[in-house]
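1. what shape does this take:
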Amino acid sequence: MAGLAAPLAPAFAAGVDRIEAGDRLADEDGEGAPVALTPADIPAGKTLLAFPFDPASGQRRDGTRLNKVLLMRLPEGELDADTRGRSAGGVVAYSAICTHQGCDLKTWSAKEQLVVCFCHSSKFDIKDSGAVAGGPAPRSLPNLPLRLEGGQLVVAGPFSATPGGMVS
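-> Reported below is the predicted structural model:
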């Protein structure tokens with residue numbers, strides 16, 4: 001129906017691996033066997049897109065774009081208390097899918113200190129729990145808690161909300 005909003009992807013499809021606590025993160029563009037990322041692999045002031053993988057099997061959980069993760073390393077002193085508590089080595093993790101209409105997110109505006117969606121200019125403050133800072137997005141970006149284990153970035157729990165956007 002026109003004018004009604006429905007979730008882009010209300011749930012993960014049956015048989016598609018979801019992100020799990022204990023997963024490692026690998027560069028989205030990596031080829032071959034996934035290599036676990038460390039905070040030093042995330043360039044300061046730049047975003048990096050990643051997918052989780054099961055460290056036991058090496059299997060990437062890239063069967064759905066809803067598992068795509070936006071990573072960024074920031075000075076820990078610039079993060080609000082909640083965000084700092086979910087970060088690891090200054091690296092924050094969020095869904096890389098805009099909550100407006102589901103476009104991929106990657107653009108960092110250094111001037112505004114915000115992640116910006118190229119589709120409709122929604123802006124998100126990843127230093128403040130992924131809060132909407134402008135544009136049509138209806139909700140914050142889902143965050144993904146991280147921890148360090150052996151120097152590697154490890155998923156500490158599920159996304160704070162279902163990733164994805166709304167379509168009209």
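2. can you pull out the helices in the chain?
-> 81-86 (DSSP state H).
3. low-confidence ranges, the protein, go.
-> Low-confidence segments of the chain (pLDDT under 70): 1-16, 166-168.
4. now the strands for it?
-> For the chain, the strands defined by DSSP state E occupy 6-7, 24-27, 47-53, 69-73, 91-95, 107-109, 114-116, 123-125, 131-134, 146-149, 152-155, 166-167.
5. ok, which of these comes nearest Asp17?
-> strand 47-53 (8.4 Å; CB to CB). Where C-beta positions appear, they are placed from N, C-alpha and C, glycine not excepted.
6. does anything pack onto the closest one? Which helices or strands?
-> In terms of contacts (3 or more CB pairs under 8 Å, 6 or more residues apart in numbering; DSSP states H and E), strand 47-53 is packed against strand 24-27, strand 69-73.
7. try 10 Å this time
-> In terms of contacts (3 or more CB pairs under 10 Å, 6 or more residues apart in numbering; DSSP states H and E), strand 47-53 is packed against strand 24-27, strand 69-73, strand 91-95, strand 152-155.
8. got the angle for the second one vs strand 47-53?
-> The one in question is strand 69-73. Relative orientation of strand 69-73 and strand 47-53, computed by axes from the mean of the first three to the mean of the last three CA atoms, to 10 degrees: 130 degrees.
9. how far off centre is strand 69-73?
-> Computed by CA atoms, centre = their mean, to the nearest Å, the separation of strand 69-73 from the middle of its chain amounts to 6 Å.
10. closest one to Leu79 among the strands of the chain?
-> Of all the strands of the chain, strand 91-95 sits nearest to Leu79, with 7.0 Å by CB to CB.
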